[in-house]
Each structure stands twice: as C-alpha cells, then as structure tokens.
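[1] Next one to model:
(2 chains)
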Amino acid sequence: GAVVSQHPSWVICKSGTSVKIECRSLDFQATTMFWYRQFPKQSLMLMATSNEGSKATYEQGVEKDKFLINHASLTLSTLTVTSAHPEDSSFYICSARDPEGDPGFDQHFGDGTRLSIL
Amino acid sequence: TQLLEQSPQFLSIQEGENLTVYCNSSSVFSSLQWYRQEPGEGPVLLVTVVTGGEVKKLKRLTFQFGDARKDSSLHITAAQPGDTGLYLCAGLILGYSTLTFGKGTMLLVSP
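    Model prediction:
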C-alpha cells in the first residue's frame, strides 16, 4: 500500500532555532499534502494544505511566517518551524493524497514527528 | 463550531466488555474514516465507509454509516488490552476538500 515517510521522528532543540520536518510519499506522487498538529490525547488539527508548485493554504490562526511550508516536488513537502519556542512543542503529522486513489481511501499519513523545544 | 462530534472522549473498560463510539454531524459526508492511533505514531486507517447504511466488520470491530451519511459508529466486541489507543473518526464533508476530524476517543482496556 501507499507509504508516507516522515523525518525526523523525534527532534529536541534549543529555543530560537529553526527545525525542518520532511514528508515524503514513497510510491506515489502527491500533488497535495497536509500538515497537522496534535497535542497529547487530542485530535489532529489541520494547520495547512500544501500544494505542489504553489503556496500553501493555511488554516485560520496558523502563522504562515512561523510555519513555513514548501512543496517543491511531487513527493516531498517540508514544514519549517522558525525560531521555535517551547509552546511550539507538539506532535506534527503529515499526510499525502494519492491522486490515483479513490475518494475516502486516498489520504495516507506519516508516523509523525515529536518536536520538543527546550 | 465542531463539525464532527465524537463521543465519548474517554472510555476505560475491563477486558471482555463491549463498547461503542459515536460520530455525529449535521453535515453530510461523502466518505467517513475511522483511525486508531497509538502514542508517538501516526493514525492508522481502520476503515472507510461511503454508502449510507453501510456496515463493515473488521474482526471484533463493526463500523456503521448512517442512512443519511451524517453519522457513524464503531462497536468493539469483547475488548482486549491491545485495543487501547486513540480512536479518531474523520470525514470528507460534501463541499469540503479537507478531512474533518472528530476530537477522538481515548480507549483504555484493562486486563
């Protein structure tokens, strides 16, 4: 089945640094990828929709200058948390939509990245 | 406004008990998915339902999609400790291009 790889799985860094998270679709080309944020024991919150070759669409309340998204190829989207602070610590999950898949069966999730800012 | 209401939010039961988790909305879904997620991992798709009235079974798990495609339920028979996790419903609401997630149900099954 379709596989989405997310890297790194866990990152710890100092406050003020920028952190890049990668999301790759391994066996399909994803024109659309999604980035979610999840707090402990809570559901996924959509942050932004990443479209290959164009600007990302951010959800209300998500700072686009804080969370930079780049979708430069059909198999890779990156999320950069700029000047990260402890309140940015969270679990970040990406998903990719397979354009060849049937609706409802076409979105595949990565394993998430645990970001801890000290 | 929460577009997809999921209940209960927390459920702690003993091994062998049955349980049901509900997802409800005032909106119509073109499809609805159920996921299970363990700590530190991404959500894993359990099932997708697309047809009103549809019932799908996955071993001890039974999924129903309401006739009007506005609600769904997940029923687990004879729960086991391995069923412990966060269960999420998510759906594509007609007219929307992104998945809408419920708030999740944290299930704890004790031996």
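[2] which residue packs closest to A:Pro99, ignoring adjacent ones?
    Nearest in space to A:Pro99, with sequence neighbours left out and distances taken as Cβ to Cβ, 6 or more residues apart in numbering or on different chains, is A:Thr31 at 5.8 Å. In this view, the C-beta of every residue, glycine as well, is placed from N, C-alpha and C.
[3] Look through chain A and state the residue closest to chain B.
    Residue of chain A nearest chain B, by Cβ to the nearest Cβ: A:Gly104 (2.9 Å).
[4] Name all residues that make contact with the residue nearest to A:Pro99.
    The neighbourhood of A:Thr31, defined by Cβ atoms under 8 Å, 6 or more residues apart in numbering or on different chains, consists of A:51-52, A:74, A:97, A:99.
[5] what's the distance between the residue of chain A closest to chain B and B:Leu32?
    Between A:Gly104 and B:Leu32 the distance is 8 Å, computed by Cβ to Cβ, to the nearest Å.
[6] Tell me the bridge partners for the closest residue to A:Pro8 other than its chain neighbours.
    When the adjacent residues along the chain are set aside, A:Pro8 lies closest to A:Thr113, with 6.1 Å between them (Cβ to Cβ, 6+ apart). For A:Thr113, the residues forming beta bridges with it (DSSP bridges) are A:Tyr92.
[7] circling back: A:Gly104 and B:Leu32 - which one has more neighbours?
    B:Leu32 (29 against 20; other Cβ atoms under 10 Å in any protein chain shown).
[8] Neighbour-wise, which one of the contacts of A:Thr31 leads?
    Sorting the contacts of A:Thr31 by how many neighbours each has (other Cβ under 10 Å) puts A:Arg97 first, at 22 neighbours.
[9] Just grab the bridge partners of that one for me.
    Residues found in beta-bridge contact with A:Arg97 (criterion: DSSP bridges) are A:Thr32, A:Gln107.
[10] which ones are touching it?
    A:Arg97 is in contact with A:30-34, A:106-108, counting by Cβ under 8 Å, 6+ apart.
[11] ok, which pair from the residues you listed is furthest apart?
    Using Cβ to Cβ, the pair of those lying farthest apart is A:Thr31 and A:His108, separated by 13.5 Å.
[12] And A:Asp106, what's its pLDDT?
    Predicted confidence (pLDDT) at A:Asp106: the value is 87.
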